[in-house]
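Undergrad: sequence below, structure please.
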Amino acid sequence: MPDLKVLFSREQIAVRVAEIGAQITRDFQGEPVVLVGVLKGAAIFLSDLSRQIQLDSTFDFIAVSSYGNQKQNSGEVKLQKDVDQSMEGRNVILVEDILDTGLTMMYLKKMIMAHRPKAFRIAALLDKKCRRQQPIQADYSGFEIPDEFVVGYGMDYAERYRNLPDICIVP
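TA: Numbers count the residues shown, from 1 in each chain. Next comes the predicted model:
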């Protein structure tokens, strides 16, 4: 394992995820929500976030690829798995590990909006605004981060380090 530097500890993450869950609970005031996790990176965030949301909620998952085994986003987004249920007329919260260039998020937003949801929101644990190429923002954002490659808490480098409890910078 390389010498990883902790950017956010498991404790910092837990506090912020609880705050986001409380905000979603207030925003949707008793209405059901569908949490759509972007595989694989957002699985842990979705799991923790869902337990902080005090609403009737269901899960679905979507998978896209834009990195492969690279540290750099290829700019090309490919759908690997679509949602299993209809999003029409539902309150959809797209749950993503990191909002980076915005290319993937714009693609996913366009796809989900085609389903005609009642409401559409984005929850991103990390926001790398310095790399944004598309005009898109998260409605719920955990932490803004510098232009560093991060792993842990579901995020990987070539499928490794997803199981780290902290979010770390890869040197």
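Undergrad: switch to C-alpha atoms for all contacts and neighbour counts from now on
TA: Noted.
Undergrad: who's in contact with residue 154?
TA: Each residue near residue 154 by CA atoms under 8 Å, 6 or more residues apart in numbering is listed here: 40, 41, 42, 43, 44, 45, 97, 161, 162, 163, 164.
Undergrad: at 7 Å instead, please
TA: Residue 154 makes contact with 41, 42, 43, 44, 162, 163, according to CA atoms under 7 Å, 6 or more residues apart in numbering.
Undergrad: for the residue positioned nearest the centre of the chain, grab phi and psi.
TA: Ranked by distance to the mean C-alpha position of the chain (CA atoms, centre = their mean), the top residue is residue 96 at 1.0 Å. Note on residue 96: backbone dihedrals following degrees, to the nearest 10 are phi -130, psi 150.
Undergrad: and the helix or strand that contains residue 64, which residues are buried?
TA: Applying DSSP states H and E as the criterion places residue 64 in strand 57-65. Neighbour counts over strand 57-65 (16 or more other CA atoms under 10 Å) mark 59, 60, 61, 62, 63, 64, 65 as buried.
Undergrad: likewise for stretch 156-171?
TA: Buried, per 16+ other CA under 10 Å, within stretch 156-171: 156, 157, 161, 162, 165, 166, 167, 168, 169, 170.
Undergrad: check stretch 141-148 too.
TA: Buried, per 16+ other CA under 10 Å, within stretch 141-148: 141, 142, 143, 145.
Undergrad: now do that stretch: everything it contacts.
TA: Outside stretch 141-148, the residues that touch it by CA under 7 Å, 6+ apart are 16, 17, 123, 124, 125, 126, 127, 128, 130, 169.
Undergrad: and the first one, helix, strand or coil?
TA: Using DSSP: H, G, I helix; E, B strand; the rest coil, the structure places residue 16 in helix.
Undergrad: one step back: from the contacts of stretch 141-148, which land in strands?
TA: Using DSSP state E, the subset of these located in strands is 123, 124, 125, 126, 127, 169.
Undergrad: does the fourth one touch residue 97 like I think?
TA: Yes. With contact defined as CA atoms under 7 Å, residue 126 reaches residue 97; the gap is 6.1 Å.
Undergrad: any idea how far apart the tips of stretch 32-50 sit?
TA: Stretch 32-50 has its terminal residues 12 Å apart, counting by CA to CA, to the nearest Å.
Undergrad: of residue 126 and residue 97, give the one with the bigger neighbour count.
TA: Remark: of residue 126 and residue 97, residue 97 carries more neighbours, 25 against 21, as counted by other CA atoms under 10 Å.
Undergrad: which strand or helix spans the more buried one?
TA: Going by DSSP H and E, residue 97 is in strand 91-99.
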